[in-house]
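Engineer: please work out how this folds:
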Amino acid sequence: MDDLNALATLLAKPEPSTEAISRSRGRLQDRMRGRARRRNGWLMPALSLAAAAAAAVAVLATGVTAPAGAPASGKEILLMAAASAERTPQGSGTYWHVKRWWPNLGEDMESWTTRDGRRWTKGESDRTPGVVVSDSTSFMLKGAKVDFEDLESLPTDPETLKARIAELQGRDSDMAASEQRGDPTRTLVALISELPAPPEVRSAAFRALAAMPGVESAGAVAGGQELLFPDPDGGPEIKLVVDPETAQVTRTNYLQTNDGGVIWSGRDFISVTADWTDQPPQ
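Structural biologist: Reported below is the predicted structural model:
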């Protein structure tokens, strides 16, 4: 049985005992604290009981037996986030709100999208800086226009999800060379970063990324755990900061835009929030 099937089997089993959870939480906190001290001189916040249980499941599934104080691997962190995503109820609201900002530059971009496809943006056009404007673009996935129903119908099994991604027919001009040849990396990153994919689909995307070769952990940073992915197109490595407890991408150096473009940040991370809100565009 491979790692991902083992994790699925373990997740289906009864909850571990309180004593087992406490032991696993202690081990995980020791490991993350050890790395955080070396990098930043601060301690990671204590994980919740549920997150510690999920982390224990991820460690069991990957067969990792690293000693206390060793950092969690990139694969472990992604599997922890997958377990958290699967447990997290889907939010509700009128608008899917995405905000990106460069803290050191004071620049930000926002979008608000309703379920019927209406969309407003601010800061995405140089012609109207700081002004909310109506926008006719839609969500993009591998160069193809998708809506909420398309995202909600995506498979919740990692391998089936990758197969569906391979089948997507987008415009070549809106795809990177790696996407044209079927590599799912960039598409999976988009699913966990900004798109309103349901929890089970996001969980599958995290699991699929965990199985990709070359993913590495750079340790604890502000906002979560920094992960490094080889760029399938040979460019700079893709950097994501993932909070494994909330399964949110909080910062990144790479984002795909709604018109099929790509935003790269060379030295500074782009901070990201993506969630449902009833607050209208402003």
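Engineer: can we go C-alpha only for contacts and neighbour counts from here?
Structural biologist: Will do.
Engineer: test my guess that residue 230 contacts residue 214.
Structural biologist: Yes: at 6.3 Å, residue 230 and residue 214 qualify as touching, with contact defined as Cα atoms under 8 Å.
Engineer: what about the two, which has more around it?
Structural biologist: Ranked by neighbour count (other Cα atoms under 10 Å), residue 230 and residue 214 place residue 230 first, with 17 against 12.
Engineer: quick check: phi and psi on residue 241?
Structural biologist: Residue 241 adopts backbone torsions of phi -110, psi 120, taken as degrees, to the nearest 10.
Engineer: how close does it sit to residue 165?
Structural biologist: 24 Å (Cα to Cα, to the nearest Å).
Engineer: okay, these two: which has more neighbours?
Structural biologist: Relative neighbour count places residue 241 above the other of residue 241 and residue 165, with 27 against 20, counting by other Cα under 10 Å.
Engineer: list the contacts for that one?
Structural biologist: 221, 223-227, 249-252 (Cα atoms under 8 Å, 6 or more residues apart in numbering).
Engineer: got phi/psi on residue 194?
Structural biologist: Dihedral angles (degrees, to the nearest 10) for residue 194: phi -130, psi -20.
Engineer: do residue 85 as well
Structural biologist: phi -60, psi -40.
Engineer: that one touches residue 247, doesn't it?
Structural biologist: Yes: if you go by Cα under 8 Å, residue 85 and residue 247 touch, sitting 5.3 Å apart.
Engineer: need the strands for the stretch 1-150 of the chain, in chain order.
Structural biologist: 95-102, 107-113, 119-122, 132-134, 139-141, 144-146 (DSSP state E, counting those that start in this stretch).
Engineer: can you mark which positions in the last one are buried?
Structural biologist: Along strand 144-146, the positions that meet the burial threshold by neighbour count (16 or more other Cα atoms under 10 Å) are 144-145.
Engineer: strand partners of it, parallel vs antiparallel please.
Structural biologist: Neighbouring strands of strand 144-146 in its sheet, by DSSP bridges, are strand 139-141 (antiparallel).
Engineer: nearest spatial neighbour of residue 187, skipping sequence neighbours?
Structural biologist: In space, and not counting its chain neighbours, residue 187 is closest to residue 142: 5.9 Å by Cα to Cα, 6 or more residues apart in numbering.
Engineer: residue 141 too?
Structural biologist: residue 187 (6.3 Å).
Engineer: with residue 246 instead?
Structural biologist: residue 84 (6.1 Å).
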